[in-house]
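A.B. asks: turn this into a structure:
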Amino acid sequence: MTFANTGACENQHRDVPLASARVEAAVRTGGCLCGAVRYSVRGDPVHVVRCHCAGCRKESGSAFTVYALWPVEAFEMSGEISSYDGRGFCPRCGSRVLDTTDRSDALIEIRIGSLDEAPFQLKPEHEIWVKRRESWIPPVEGAAQHEEG
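C.D. replies: Got it, this is the predicted structure:
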């Protein structure tokens, strides 16, 4: 099985098995709150993950975050990104958009909340740091559970 470096979440869960989240092949667009950063991704993400680690909780201000990884060649962006510890955000409005730490430069990690259209068809295949999941958040049905941390 192949593994991917999944980004700026806590370093301990960087190896998540790659699985294909087959969704309708299309171009999806997204960006930051103020519109200074815009991007598009073509085709299907390699995989979709819901993470409950402390880093994702802090940076999202929520109980978890959901991100998807696309091949970097499927990604185009306009505007400038600032980065803190690999977390790419708009320097104007502060919106968290993508991750900048994939050491292989093969995948781009995008916070799916930054997509323009609600990505209802992008169901997480992996749920990580589930030991930190709030008791009122149900598990993702069918997703692999990783109790790291």
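A.B. asks: secondary structure class of the residue nearest the centre of the chain, three-state.
C.D. replies: What sits nearest the mean C-alpha location of the chain, by CA atoms, centre = their mean, is Y67, with 1.9 Å. Assigned by DSSP: H, G, I helix; E, B strand; the rest coil, the conformation of Y67 is strand.
A.B. asks: show the contacting residues for it.
C.D. replies: Residues near Y67 by CB atoms under 8 Å, 6 or more residues apart in numbering: 6-7, 48-49, 51, 99, 109-112. All C-beta atoms are positioned from the backbone trio N, CA, C, and that covers glycine.
A.B. asks: burial count for the nearest residue to F64 once chain neighbours are set aside?
C.D. replies: Nearest non-adjacent residue to F64, counting by CB to CB, 6 or more residues apart in numbering: H52, 4.6 Å away. Neighbour count of H52, defined by other CB atoms under 10 Å: 24.
A.B. asks: was I right about H52 contacting E127?
C.D. replies: Yes: under the criterion of CB atoms under 8 Å, H52 makes contact with E127 at 7.4 Å.
A.B. asks: right, I'll call it a day here.
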